[in-house]
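Q: Generate a structure from the sequence data that follows.
(one chain, ligands or ions: 2)
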Amino acid sequence: MKVLVSDPLSEEGVRKLETEMEVDVITNLSPEELVERIKDYDALAIRSGTKVTAEVIAAADKLKVIGRAGVGVDNVDIDAATKKGIIVVNTPGGNTISAAEHTIAMMLSLARNIPLANASLKAGEWNRKKYTGVEVYNKTLGIVGLGRIGAEIASRMKAFGMRILAYDPFVTAERAADLGIRLATLDEIFRESDFITVHTPLTKETRNLIDEDQFKIMKPGVRLINCARGGIINEEALAKAVAEGRVAGAAIDVFTKEPPAGNPLLDQAGVIVTPHLGASTAEAQVNVAVAVAEQILAVARGELPPNA
Ligand code: NAD
Ligand code: MLT
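A: Ligands and ions are numbered 1, 2, ... in the order given. So this is what the prediction gives:
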């Protein structure tokens, strides 16, 4: 059995795969190169960089399993894989804490202007007034998507004294009450929040969930964070709302196209950005690499994958 690892994967995961399979680690393949090579492999291990399109799947004559080291599977054509009998597995939970911590780091950096103040001081300025921030204490945080990451953020930001509202059509009021927070409608979140953070998958329902019309009903001076997927918040509409001062700032880790060359958000000083770092910690990378290897090996042995 042969597995192609086409995005960087922690050594621990590669070693686990090597216990039962022949492993090729070949990253940065062009779409054409991936189509050309995939026919030789029984399994494919990816992160978010590799796009497993219908063309890749059509060429994958031997492929039995696609293993995503991470949560989001929006870079895989699941319908095409399913039609061909290829199992798609991911690793929920392995990067939850890292993604939650990164979101909180982004929120606090935004509230206190840390990236701009850092750049200004290193450029030789000493400007304390310009970088006056806001407290998160006593402010309302709206969480859209109360799954693993959303829930970890809720419990941590409660400790900061925030009032927390969450919208998630698949979560019960009891679950929210257990977390000590309240479920709200999307409209309530938009109208009442000082900070809004999104933690849904990217689906046809969540693409452009926050667009021109939603910005119109938000509190003036609201701050937004997207450490989930590019496109949940419409990038042009957000850039415009920041430029017009209706939104005080945004913190963005993920983009519709990565790397985001030419993205209008990069032109706004009020938008702080990181290059899809939510899961980029030593701990999370080992967790997801080992978990994806276990999932792939189980499928290769003809067993049910551990997360099935
Ligand atoms: P999860 O599946 O535990 O939670 C997602 C939640 O979104 C679920 O509770 C679901 O009910 C909810 N949801 C689905 N559709 C919705 C909708 N239309 N409106 C509101 N809520 C909706 O996943 P998770 O582990 O919390 O991860 C969430 C997302 O974060 C992933 O899908 C992934 O795209 C992204 N992510 C990004 C990074 C990063 O590096 N930046 C790291 C991990 C995950
Ligand atoms: C995920 O969906 O798990 C994240 O985007 C993290 C990653 O791909 O590294």
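Q: Please name the bridge partners of the closest residue to Thr185 other than its chain neighbours.
A: Leaving out its chain neighbours, the residue that sits closest to Thr185 by Cβ to Cβ, 6 or more residues apart in numbering is Tyr167, at 6.6 Å. No exception for glycine: its C-beta is placed from N, CA and C like everyone else's. Under DSSP bridges, the beta-bridge partners of Tyr167 are Val144.
Q: who's in contact with Tyr167?
A: Gly142, Ile143, Val144, Gly145, Leu146, Leu183, Ala184, Thr185, Leu186, Glu188, Ile189 (Cβ atoms under 8 Å, 6 or more residues apart in numbering).
Q: Mind putting the residues you listed into TSV with neighbour count?
A: Rendered in TSV, the data for the contacts of Tyr167 read as follows (neighbours: other Cβ atoms under 10 Å):
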residue	neighbour count
Gly142	25
Ile143	30
Val144	26
Gly145	24
Leu146	24
Leu183	19
Ala184	22
Thr185	10
Leu186	15
Glu188	15
Ile189	22
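Q: Need those residues in CSV (columns: pLDDT and secondary structure).
A: CSV is the format used below for the contacts of Tyr167 (pLDDT from 0 to 100; DSSP: H, G, I helix; E, B strand; the rest coil):
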residue, pLDDT, secondary structure
Gly142, 98, strand
Ile143, 98, strand
Val144, 99, strand
Gly145, 98, coil
Leu146, 98, coil
Leu183, 98, strand
Ala184, 98, coil
Thr185, 98, coil
Leu186, 98, helix
Glu188, 98, helix
Ile189, 98, helix
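Q: overlap between those and the residues near ligand 1?
A: Val144, Gly145, Leu146 (Cβ under 6 Å from any ligand atom).
Q: Which of these sits closest to ligand 1?
A: For these, the minimum distance to ligand 1 (Cβ to the nearest ligand atom) is 3.4 Å, reached by Gly145.
Q: Could you double-check that that closest one lies in contact with Val198?
A: Yes: using Cβ atoms under 8 Å, Gly145 makes contact with Val198 at a distance of 6.1 Å.
Q: Mind listing the shared neighbours of these two?
A: By Cβ under 8 Å, 6+ apart, the residues touching both Gly145 and Val198 are Thr206, Ala228.
Q: residues contacting the residue of the stretch 201-308 of the chain found nearest ligand 1?
A: In the stretch 201-308 of the chain, the residue that lies nearest ligand 1 is Gly278 (2.5 Å; Cβ to the nearest ligand atom). Contacts for Gly278 were tallied using Cβ under 8 Å, 6+ apart; they are Asn95, Ser98, Ala99, His102, Thr103, Cys227, Asp253, Val254.
Q: Tell me which entries of those residues lie within strands.
A: Among the contacts of Gly278, no residue falls in strands (DSSP state E).
Q: I'd like the distance between Lys301 and ligand 2.
A: Check again: residue 301 is Arg, not Lys. 25 Å (Cβ to the nearest ligand atom, to the nearest Å).
Q: Ramachandran angles for that residue?
A: Per-residue torsions, Arg301: phi -80, psi -10 (degrees, to the nearest 10).
Q: number of nearby residues for Ala308?
A: Counted with other Cβ atoms under 10 Å, residues neighbouring Ala308 total 10.
Q: Next up, phi/psi of the nearest residue to it once chain neighbours are set aside, please.
A: Closest residue to Ala308 apart from its sequence neighbours, by Cβ to Cβ, 6+ apart: Val89 at 7.8 Å. Note on Val89: backbone dihedrals following degrees, to the nearest 10 are phi -120, psi 150.
Q: which strand residues sit across from Val89 in the sheet?
A: Applying DSSP bridges, one finds that Val89 bridges with Gly67.
Q: What count of nearby residues applies to it?
A: Neighbour tally, Val89, other Cβ under 10 Å: 24.
Q: And the residue of the protein closest to ligand 2?
A: For the chain, Cβ to the nearest ligand atom, closest residue to ligand 2: Gly70, 2.6 Å.
Q: mind listing what that residue touches?
A: With contacts defined as Cβ under 8 Å, 6+ apart, the neighbours of Gly70 are Arg47, Ser48, Asn90, Thr91, Gly94, Asn95, Ala279, Val288.
Q: Take these and keep only those in helices.
A: Val288 (DSSP state H).
Q: filter the contacts of Gly70 by proximity to ligand 2?
A: Among those, ligand 2 is touched by Arg47, Ser48, Asn95, Ala279 when using Cβ under 6 Å from any ligand atom.
Q: closest to ligand 1 among these?
A: Of the ones next to ligand 2 among the contacts of Gly70, the one sitting nearest to ligand 1 (Cβ to the nearest ligand atom) turns out to be Ala279, at 4.0 Å.
Q: for the residue nearest to that closest one when sequence neighbours are not counted, phi and psi?
A: Leaving aside its sequence neighbours, Ala279 sits nearest to Asn95 (Cβ to Cβ, 6+ apart; 3.7 Å). Main-chain dihedrals, Asn95, degrees, to the nearest 10: phi -120, psi 10.
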